[in-house]
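1. below: sequence and its predicted model.
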Amino acid sequence: MQVFLGDPRRFGLSGCALTIGNFDGVHLGHQHILQRLRDEASARNLPTALLTFEPHPREFFARGNPPARLSTLRDKLSYLQEQALVDYVFVHRFNHGFAAMSAENFINDVLVRDLKTRYLLIGDDFQFGAARKGDFNLLTRCPHFVTEAMPSVLVQGERASSTLVRERLAMGDLDGAAALLGRDYRLSGRVVHGRKLGRTIGFPTANIHLPHLKPALQGVFVVQVEVAGRLRGGVASLGLNPTVSDTPDYKLEVHLFDFAADIYGHRVTVHFLKKLRDEERYDDLTALVAQIEKDAASARTYLTSLQREQA
């Protein structure tokens, strides 16, 4: 998979089978679109391409109150490459100029001139262009490519969508989110230095940098973490950490069981398996430590049970 940033004309594409969207989370609906795109591209002897946007348009328009994002651009691209779902990804900067582009200019300048689109597959609710005036009917009138709409993908009777995944995560329904994603929900980031309070109370934590202001889930969780080439169990807190912090910044802190290596600067991936509880504010550190001990015991019990099931 090749990833291109900036003006697509620089890359000399001679033709492609294209789909367009944010693909936040790359859930099962997205995966079905990409598989269908692959099939259609093969029949036409074309490479597959995805046009996506950064930042997420909803983040751009929301200004100071962005919606929760399921995946970073890096995580999205990593999963797409891991699954070999697409040949080319074009990341278009979403800014005021792009937002003001008319639907007709988007078709003529981006799809026809820049990307040399020969086949276009879109979701059944796709809208584009200034004021979202572009739709499927407008695309079908373009003679330069064939346009088809992908019907909704149902998972357990519900339409797979990034919005529904966010709702499941916000509710703490990790099994429901995993069913829509086709995998455990994950976040990755680099381990950074924190206040190092955890080691003074017997629970050293890896503080993982969050690139977005608002995570899609909050609370205390049973997790497995990809670190140093292995999956390691632990318990994680994702939120504002109200007992020891009064800043508005969200924090992801993970206590790894039976692990003491120095991993500062390492990039790790956290798999969220089960929500244990919501965040709470405690009167003092003694009460906080007592609760962390209960959380760690619950997490160990869950992970032991999971290992037995998978054995």
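-> Sure, I can see it.

2. contacts, neighbours, all on C-alpha from now
-> OK.

3. okay, and residue 3 sits in which element?
-> Assigned by DSSP states H and E, residue 3 belongs to strand 2-5.

4. which helix or strand contains residue 222?
-> Per DSSP H and E: residue 222 is located in strand 219-227.

5. give the pairing partners of that strand; include direction for each.
-> strand 230-239 (antiparallel), strand 267-277 (antiparallel) (DSSP bridges).

6. how far does the last one sit from its chain's centre?
-> Relative to the chain's own centre, strand 267-277 is displaced by 14 Å; criterion: CA atoms, centre = their mean, to the nearest Å.

7. next SSE after it?
-> The element immediately downstream of strand 267-277 (helix or strand, assigned by DSSP H and E) is helix 285-310.

8. and that next one, how far from the chain's centre?
-> Per CA atoms, centre = their mean, the centroid offset for helix 285-310 relative to its chain is 27 Å.

9. and that helix, average pLDDT?
-> For helix 285-310, mean pLDDT rounds to 86.

10. how about the strands in the stretch 51-200 of the chain?
-> 88-93, 117-123, 146-150, 154-155, 158-159, 185-192 (DSSP state E, counting those that start in this stretch).

11. please identify the deepest-packed of the ones you listed.
-> Most buried of the strands of the stretch 51-200 of the chain, by mean neighbour count (mean count of other CA atoms under 10 Å): strand 117-123, with a mean of 21.

12. dump that one to PDB, keeping only the CA atoms.
-> The C-alpha trace of strand 117-123 is given here as PDB (Å, rounded to 0.1, in the frame of the first residue of the first chain):
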ATOM      1  CA  THR A 117     -11.200   7.800 -11.500                       C
ATOM      2  CA  ARG A 118     -12.600   5.000 -13.700                       C
ATOM      3  CA  TYR A 119     -14.900   3.300 -11.200                       C
ATOM      4  CA  LEU A 120     -16.300   4.900  -8.000                       C
ATOM      5  CA  LEU A 121     -17.900   3.000  -5.100                       C
ATOM      6  CA  ILE A 122     -19.500   5.000  -2.300                       C
ATOM      7  CA  GLY A 123     -21.600   4.500   0.700                       C
END
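
13. that one pairs with which strands, parallel or anti?
-> Strand pairing for strand 117-123, using DSSP bridges, gives strand 16-20 (parallel), strand 146-150 (parallel).

14. how about the ones you listed in TSV, adding distance to residue 69 and mean pLDDT?
-> Putting the strands paired with strand 117-123 into TSV (distance: least, CA to CA, whole Å; pLDDT from 0 to 100) gives the following:
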stretch	distance to residue 69	mean pLDDT
strand 16-20	18	96
strand 146-150	23	94
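
15. possible to save those strands as CSV with distance to residue 123?
-> CSV is the format used below for the strands paired with strand 117-123 (distance: least, CA to CA, whole Å):
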stretch, distance to residue 123
strand 16-20, 8
strand 146-150, 5
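
16. ok, which of those comes nearest residue 226?
-> Counting by CA to CA, residue 226 lies closest to strand 16-20 out of these; the figure is 30.6 Å.

17. residues contacting the helix or strand just after that closest one, please?
-> Next in sequence after strand 16-20, counting helices and strands by DSSP H and E, comes helix 28-44. Outside helix 28-44, the residues that touch it by CA atoms under 8 Å, 6 or more residues apart in numbering are 16-19, 23, 47-48, 85-86, 119, 121-123, 150, 152-154, 160-161, 180-182.

18. from the chain's centre, how far out does stretch 6-17 sit?
-> Using CA atoms, centre = their mean, the offset of stretch 6-17 from its chain centre is 25 Å.

19. repeat for stretch 271-283
-> With CA atoms, centre = their mean, you get 21 Å for stretch 271-283.

20. pretty sure residue 111 is touching residue 119, no?
-> No - using CA atoms under 8 Å, residue 111 makes no contact with residue 119, being 10.0 Å away.

21. what's the overlap in contacts for those two?
-> Joint contacts of residue 111 and residue 119 (CA under 8 Å, 6+ apart) do not exist.

22. how many residues are close by residue 143?
-> Per other CA atoms under 10 Å, the neighbour tally for residue 143 reads 10.

23. what's it sitting at in phi/psi?
-> When read as degrees, to the nearest 10, the backbone of residue 143 gives phi -80, psi -10.

24. how close does residue 238 get to residue 290?
-> In this structure, residue 238 and residue 290 are 18 Å apart, going by CA to CA, to the nearest Å.
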